[in-house]
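Enquirer: could you look at this predicted model? Sequence included:
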Amino acid sequence: MKINWFCPLPPARTSVADDYLVGILPSLSQHSELTLWTDQNNWDRSLEKLAMVRRYEPERISWPELNHADVTFYNIGNNHLFHASIWQVSRRHPGIVVLHDSRVYNFFDSLYRGQWRDLEGYLAELKRYYGNEGLRAGTEFLSSGAVNIDFMTEHYPLTPLALENCLAVVVHTQEAFEQVEAMQYWPVVSAALPRALPPHRDGNDTVRSAIPPYRLIMFGYMGRNRRLDAVLEALVTLPERDSFQLDIFGEIPDERSLRRRIGKLGLGGLVQLHGYTHETELNKVLQTSHLAINLRYPTMGEASGSQLRIWYHALPSLVTDVGWYSSLSRDTVAHVRPEHEIADIQSYLQAFLKDPEPFAKMGQRGLRTLREQHDPDKYVQTILNLAANARQFTVRKSAYDLARRAGTIMGSWTSNAGKEPIRIAEKIHEICGR
Amino acid sequence: MRILIATVQIPFIRGGAEIHAEGLRDALCRAGHEAEILAIPFKWYPPEKILDHILACRLLDVSEVAGTRVDRVIGLRFPAYLIPHPNKVLWILHQHRTAYELWDHALSDLVYYPNGSQVRDAIEEADRKLIPEARAVFTNSRNVAQRLRRFCDIESTPLYHPPPNAEKFYSASAEDYLFFPSRLCIPKRQELALEALAATRNPVRLSFAGTSDHPDYTAKLQSLARKLKLQKRVEWLGGISEEEKRSRYASALAVVYPPTDEDYGYVTLEAMLASKPVITCRDSGGPLEFVEDQATGLITDPTPDALAAAFDFVWENRDQAEGWGRAGRVRYENLNLSWDYVIKKLLA
Amino acid sequence: MNQPRLEIDDLAAVVRESMAAVQKNYHAPSSATQTVSSETAPPKLKLQPDFQPRVDHRYHINDLLRYHDRAFVQAAYRAVLKRSPDEPELLRGLKELRSGNVNKIDLLADLRLSPEGRAKKVQLDGLVFPALIRRLGQIPLFGYVVRLGIAFVRLPNLIRDQREFGSYVLSQHEQIADFINLTANRLTERLNTLAAEQKTIAEREGDVEKRQEDFESVAGTYFDDLKQRIDTLTRDTAKQLRALRFRIGDLADPELDALYVALEDRFRGTREEIKERFREYLPYVKEKARVIDLGCGRGEWLELLKENGIQAQGVDSNGLQVVQCCGRGLDVTEQDLLVYLKGMPDESAGAVTGFHIIEHLSFNALMALLNEVMRVLRPGGIVIFETPNPENIVVGSNYFYLDPTHRHPLPTDLMEFLFKNRGFEKIELLALHPWDSGRVAGEGELAERFNGYFYGPMDYAIVGRKVSA
């Protein structure tokens, strides 16, 4: 089976490339004739041992090559730097979308407003999917800022725009699954986010010190939704704070003002900023950490690759009780309530100090969950099953396209639907149904 | 019987398919039936238009006209052969080739569109599901039947028909030229014939009859001839009348016809009617169903040298060529190619 | 999800949605022209909340029981059968409910137990018991007893329900009244706004008309002015163009001025010699003031005229010679001959002279010169041109070309012809400056002829008169 796979490739700084792709590539390339498509200028050459890599631009891509494969997969997420080109190609050549974030408002905001400066198009899409209400909210968001981006993400996630023209959808969380299914248009399947695990990994080979100061760790891109402020606040007012040390690894927007804040709060000795760090370095640090803080609020409907990495190192972690994280079992993570962030953080830290054992066990159970549920082979199997049924999806899509077309044509002269839609649907079913 | 012949037209362009449909209609009328050609316009680009046309055909109702029943529909071309009717018979000239055997071909257009594979899948689905609706499925040639089986798992029967005005073809003594009548376009491979001509050792002469859809192409061929220094040996007859064509057939030494994977090809049959040997190629498709190598003509590899060798052979062995020509005529008689037979099968 | 099935209902829904989407776009243009847009229209009155179908298709009957009447029927169909009721179904349901014979539980049970309801398998919690009771209550005779018992038991509830219902109705009425008042207020407001807007528009219209008038008058003035300017411009340009054309025939090169001075000094002769020669012309120009001397060169003639009290002006394009003349107190202008002449008014000169100038001019320029001279002369005016005599072979073949700016010799016959042609009368040809010192001695025809051809007059002058205007 020939498969086209559109995805950010290492060394792109996103977990979709580092964790996700690297995890499933061996199995995927073993069971199919795989071609990776990228618009990046450089990529890790070792990938080419496993698959052919082809470079493209959204305006210049070889359609015959794409058409010759059996099916095309598009990986779409919220970061417009890595997924903009992929989405643009997906709009023209139908394929199966792997949706890493189900709320993609940020993606389209950055793309339409930031990259393309096309405010008209932006508002037109909001109107198309959410009617006049969406248009109004969008206008307010753009002009007065009376409405903030969290509100827009919550109410107008623009998911259908990301899925425009797709054959079927793969998601990684139950929440995203329900969201897509409710739209009742595309076939959707849910598969747990995969994470590769070397064999014989049981977490006992970690070297964690047993005495304070205990190492707290946060890593990844430190956007607003990582709740950094709440963590700092919690530390400041925690009487036992000197038993802890917080390391932050990852790109920080506006690092200077953060440092200033840390200084002002008097946490200079406690908190260390490390900036973006390479894989191997980060892994080493994770080995020696005691507790990871992986808060996310609001959530974009994503399953966290970082969380899987945390479990990989058998680390206990604090997560926010929303979205996918809510669905995680209580004995593998510690849930923090979004409206009681500081209090909950503090109580967990104090509990850890009193008795770190339960927390260590939490980490172990996380590792086990990783092994059982997030096995890349299982995931690849799901993908391959979808690929094998690709023909059905394309035919189904043709049927829906025809239905839309018929509706558009009829709508141009009448608004009275009557029995016509059923009749047309029957005719289309004759042609495309099985 | 009241019979509708469902076919497709591309306005302003007329070719073999139109002649075929008219031939069928005339034959039906001669046999005492009421027959009419129902041609729907077809635009196949961009590819989503093809789906529109399929749906449009399915929405048509030709079961009766003005209160009187239509007894039979004979479907000839895609997507007209998808028009529903309780008493439908298909006599498929060809399917939508760019979705099938021409998918990978340099001449294909479908594969160059981003939604090309989606539409191809839908076409295949529609053909698979809806062709078997007909009470009988015939094809124009064995070639088409093989493709139908290979791509859609549908069994069909080849049904041949005579070329138009078959009875008017005659034979005369051979003069010093080979005859290549065909529309001037890439699939017919006039260019290959020119290259072969340049490689012959004898001063073989070749007459081309036919026009091109694109005037540039005619100019291109002529300049190729000049480049190969063949001006004196090549004749460009352009568009000639049917009578003139028959006379050219009659006096030719042999007929050259090496198209690429042709479905049927009247030229082969016309040559046989005129008792002339046919020079064709292994990948020419239709002609191979009728030409027997070294018995009624020559079948060569599609290379200039191989064709040149064939040209030289007939040039040097006139008697043998004549013999092959006559054998070809006999073969034609044995094929039982008549409209009566066709109608009998279609209306059974 | 393994094999996605293609459902006709789903496809039909897509068709309907697309139709609706097109319709929405269609209505948009017309609504935009209305001043009362849908955004500011009064809100619709909704006495009951909307029904939202659940994704998991599990309901409790209480979810549905809180709807009443039409809303209830629609909600029931949408929940249990996953579709809206069509007209006949809706009417039938309403009729049954309103008649009191059938209550909501019955309706729900009917729907759920229908073949379609069973196929859709929606889960309705809390339905079984009440439905059962209702069924029992419908058995003849026994059912009456059951119903009576039930009614008895439920009497306090019924009373409470009744009171509740009463207050519910009252509250609904309040709501309706409020709504109507609100709508009426908005309408009045809106009408007032419209009236005000209309007034403003009318005012603006008057404004605009007045402005337009003002504009038109101002514009008219501007245009007239522009027209005038354009006319003047065209005339000036034409004049310039003509001047230019003539100049092209005879381009003066200031650098050669100095050379020319040297040339003249070398070959022409001294001032004194020349001046003597000019005396011959004095009689012709007596009482013919003003005299215009074209190409006055070193100014010998002008000096002579001045000495004899005849008013004269000179013009020459050689800057150096002009400066020399001015230095001598002569009235000389540096200018091209033709331009100068053209600048003179009609009939403003008594005589025009040009000594050794016409052999410098192109034929066109010569003709133009003659025309201008004719124009500029007063009736009775006189024109004199002196030029080398080509009848003298030595002059014609050699000495003529000592001046590189000479074009070609001008035969006497030609000049006579041209003068006549241009309308000059009383034409005289003067043979001048014979080369006596070069004559060969001897008598006889040969010597005669030889001396005539080789040593005869070296220059000639042609005189013409303008007789009438």
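Expert: Cool, got the structure. Residues are numbered from 1 along each chain as shown, chains lettered A, B, ... in the order given.

Enquirer: can you tell me the closest non-neighbouring residue to A:Ala360?
Expert: In this structure, A:Ala360 finds its nearest non-sequential neighbour in A:Pro316, 6.8 Å apart by CB to CB, 6 or more residues apart in numbering or on different chains. C-betas here are computed from N, CA, C, even on glycine.

Enquirer: doesn't A:Gly363 make contact with that neighbour?
Expert: Yes - using CB atoms under 8 Å, A:Pro316 makes contact with A:Gly363 at a distance of 4.5 Å.

Enquirer: pull the distance from whichever helix in chain C runs longest to the chain's centre.
Expert: Longest helix of chain C, by residue count under DSSP state H: helix C:155-249. Chain-centre distance of helix C:155-249: 28 Å, with CA atoms, centre = their mean, to the nearest Å.

Enquirer: same thing with stretch C:429-440?
Expert: Averaged C-alpha coordinates place stretch C:429-440 at 72 Å from its chain's average position (CA atoms, centre = their mean).

Enquirer: just stretch A:232-249 next, same as before
Expert: How far stretch A:232-249 lies from its chain's middle: 29 Å, per CA atoms, centre = their mean.

Enquirer: low-confidence regions, the stretch 1-150 of chain C specifically.
Expert: Along the stretch 1-150 of chain C, segments meeting pLDDT under 70 span C:1-4, C:25-56.

Enquirer: for it, give the residue positioned nearest to chain B.
Expert: Residue of the stretch 1-150 of chain C nearest chain B, by CB to the nearest CB: C:Leu6 (11.0 Å).

Enquirer: which SSE is that residue in?
Expert: For C:Leu6, there is no host helix or strand (DSSP states H and E).

Enquirer: any chance you could map the strands in chain B?
Expert: B:2-9, B:34-41, B:64-65, B:68-69, B:72-77, B:88-94, B:136-139, B:157-158, B:178-181, B:206-209, B:234-236, B:254-256, B:278-281, B:297-300 (DSSP state E).

Enquirer: got a list of contacts for the last one?
Expert: Spelled out, it's strand B:297-300. For strand B:297-300, the surrounding residues in contact (CB atoms under 8 Å, 6 or more residues apart in numbering or on different chains) are B:254, B:258, B:271, B:277-282, B:288, B:291, B:293, B:306-307, B:309-310, B:313-314, B:324, B:328.

Enquirer: now do 10 Å
Expert: Residues from elsewhere that reach strand B:297-300, judged by CB atoms under 10 Å, 6 or more residues apart in numbering or on different chains: B:196, B:254-258, B:268, B:271-272, B:276-284, B:287-288, B:290-293, B:306-311, B:313-314, B:321, B:324-325, B:327-328.

Enquirer: which of those are buried, as a ChimeraX select command?
Expert: Typed into ChimeraX, the next command selects the buried ones out of the contacts of strand B:297-300 (criterion: 16 or more other CB atoms under 10 Å in any protein chain shown):
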select /B:196,254,255,256,257,258,268,271,272,276,277,278,279,280,281,284,287,288,290,291,306,307,308,309,310,311,313,314,321,324,325,327,328
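
Enquirer: which of the contacts of strand B:297-300 come close to chain C?
Expert: Filtering those for proximity to chain C by CB under 10 Å from any CB of the partner chain leaves nothing.

Enquirer: find residues that contact each of A:Pro316 and A:Gly363.
Expert: Residues touching both A:Pro316 and A:Gly363 by CB under 10 Å, 6+ apart: A:290-292, A:310, A:332-333.

Enquirer: these: which two are farthest apart?
Expert: The span of the shared contacts of A:Pro316 and A:Gly363, defined through CB to CB, is set by A:His290 and A:Thr332 at 16.1 Å.

Enquirer: residues near the residue in the stretch 301-434 of chain A that chain B sits nearest to, how many?
Expert: Nearest to chain B in the stretch 301-434 of chain A, going by CB to the nearest CB, is A:Ser398, at a distance of 3.8 Å. By other CB atoms under 10 Å in any protein chain shown, 27 other residues sit near A:Ser398.

Enquirer: pull up the gap between it and C:Pro390, please.
Expert: As defined by CB to CB, to the nearest Å, A:Ser398 lies at a distance of 102 Å from C:Pro390.

Enquirer: what of C:Leu107?
Expert: Separation of C:Leu107 from C:Pro390 (CB to CB): 134 Å.

Enquirer: which residue sits closest to the residue in the stretch 201-348 of chain B positioned nearest to chain C, ignoring its sequence neighbours?
Expert: Nearest to chain C in the stretch 201-348 of chain B, going by CB to the nearest CB, is B:Asp263, at a distance of 33.4 Å. Of all residues not flanking B:Asp263 in the chain, B:His94 sits nearest, at 5.0 Å (CB to CB, 6+ apart).

Enquirer: likewise B:Ala198?
Expert: Spatial nearest neighbour of B:Ala198, chain neighbours left out: B:Leu228 (4.2 Å); criterion: CB to CB, 6+ apart.

Enquirer: got the contact list for the one you found?
Expert: B:Leu228 sits next to B:194-195, B:197-199, B:234 when contact means CB under 10 Å, 6+ apart.

Enquirer: can you list the buried residues in stretch C:298-316?
Expert: C:298-306, C:310, C:312-316.

Enquirer: look up the closest residue to C:Leu304, ignoring the ones flanking it.
Expert: Distance criterion CB to CB, 6+ apart; nearest residue to C:Leu304, sequence neighbours excluded, is C:Phe278 at 5.1 Å.

Enquirer: picking that back up, and the longest helix of chain C, what does it pack against?
Expert: Packed against helix C:155-249, as judged by 3 or more CB pairs under 10 Å, 6 or more residues apart in numbering or on different chains; DSSP states H and E, are the following elements: helix C:337-342, helix C:363-376.

Enquirer: and the ones you listed as a markdown table, adding mean neighbour count, distance to chain B and mean pLDDT?
Expert: Formatted as a markdown table, the helices and strands packed on helix C:155-249 follow (neighbours: other CB atoms under 10 Å in any protein chain shown; distance: least, CB to the nearest CB, whole Å; pLDDT from 0 to 100):
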| stretch | mean neighbour count | distance to chain B | mean pLDDT |
| --- | --- | --- | --- |
| helix C:337-342 | 20 | 62 | 91 |
| helix C:363-376 | 19 | 55 | 93 |
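
Enquirer: and the ones you listed as a markdown table, adding distance to chain A?
Expert: Shown next, in a markdown table, are these (distance: least, CB to the nearest CB, whole Å):
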| stretch | distance to chain A |
| --- | --- |
| helix C:337-342 | 64 |
| helix C:363-376 | 67 |
